[in-house]
Structure formats: structure tokens, C-alpha cells
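Undergrad: Got a predicted structure plus its sequence, pasted below:
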Amino acid sequence: MFLPLLIAVHVIGVILWIGGVAFVTMVVFPMIMRLENSLEKVLFFQGVEHRFAKIAKTSVVVVGVTGVLLLQITGKWSVMFKASGIGTTLMTVVWVFYVLVLMFEGSLFKAIFSGEAQQDTAKVFYRLSVFHWVILCISLLAVGVGVWAGHGGRF
């Protein structure tokens, strides 16, 4: 009874987190890129980022806690970093990457929006967009491999 509930909470957390990244990547960044005024771009991005950051952080914490509990309950720690645990390992690596990005986002934004960014916001938002596409693709790959491996897929 507890395991299915834990899996459901875990999957809902992943949906909110990765779905949010997909929305920002596929909807928000194209909208930002169409804005002509640099100040409008920055203000729009900051408004979305400020709102989504809370959702992302909460989702990442929920996914981390439920993921650790699932590994503990199912005894799957032993498959980490083995071919048989590729799904779990890849999902964990992606999760750790996001945790690091979220932990250091303040420093990252200061670095991104300083120097040349003050002169060329189009270039900065293009780079951010490319970065988001990369992390979205890696995230979707991790989800796909995790589901595939979790349902009997083998390499």
C-alpha cells in the first residue's frame, strides 16, 4: 500500500519538475526571444524564474526524498552504477545536476547577467535557451530510460 503511494508521489514530482522545465524551454524562452526590449526580456525572465524556482525546488526535494525511500524500500541501491541499474543511475545523476544548479542559481545568474550580458541580452537568452534544451533532452532521456529499464527493458 505504501510503495504505490510513494511511487505516485515520486512520479508526480518528476512531472511537475520536468514538465516545468519543458514549459520554460518550449514556451517561455521563445516568448522572451521575440521581445525587442532588453529590459522587458530580463524582467519577464526574472518574473517567470522567480515563480518557477519555488516549484522546481519543491519538486526536486520531493523527488529526492521519495527516490531515496524507494531505493531503500526496494533494495535497489545495489544496482546503482551497473548496467542493470542504468535507469536509476541516470535519473540520479540528472537529479544531482539539478540540485547543484538550484543550489548555485544565484551565483549562476550573476555570472550570466554580468559583463557582456548588459550589452547583449539576446545572446544571453539564446545561450540560456540552448542550455535549457540540453538539460530538457537529458532529463527526458533519463525519464525514458528509467521507465524502459523499470519495465523490463534490457541493453
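TA: All right, it came through fine. Numbers count the residues shown, from 1 in each chain.
Undergrad: Quick one: end-to-end distance for stretch 79-94.
TA: 17 Å (C-alpha to C-alpha, to the nearest Å).
Undergrad: Mind listing what's buried along it?
TA: Neighbour-count burial for stretch 79-94, counted by 16 or more other C-beta atoms under 10 Å, picks out 79, 85-92, 94. Placement of C-beta: from N, CA and C, glycine included.
Undergrad: Same check on stretch 27-45?
TA: The neighbour-count check on stretch 27-45 (16+ other C-beta under 10 Å) flags 28-29, 32, 35, 38, 41-42, 44-45 as buried.
Undergrad: How about residues contacting it?
TA: Contacts with stretch 27-45, where a contact means C-beta atoms under 8 Å, 6 or more residues apart in numbering, come from 48, 113, 121-122, 125-126, 128-129, 132.
Undergrad: Out of the buried residues of stretch 79-94, which sit inside strands?
TA: Per DSSP state E, strands hold no members of the buried residues of stretch 79-94.
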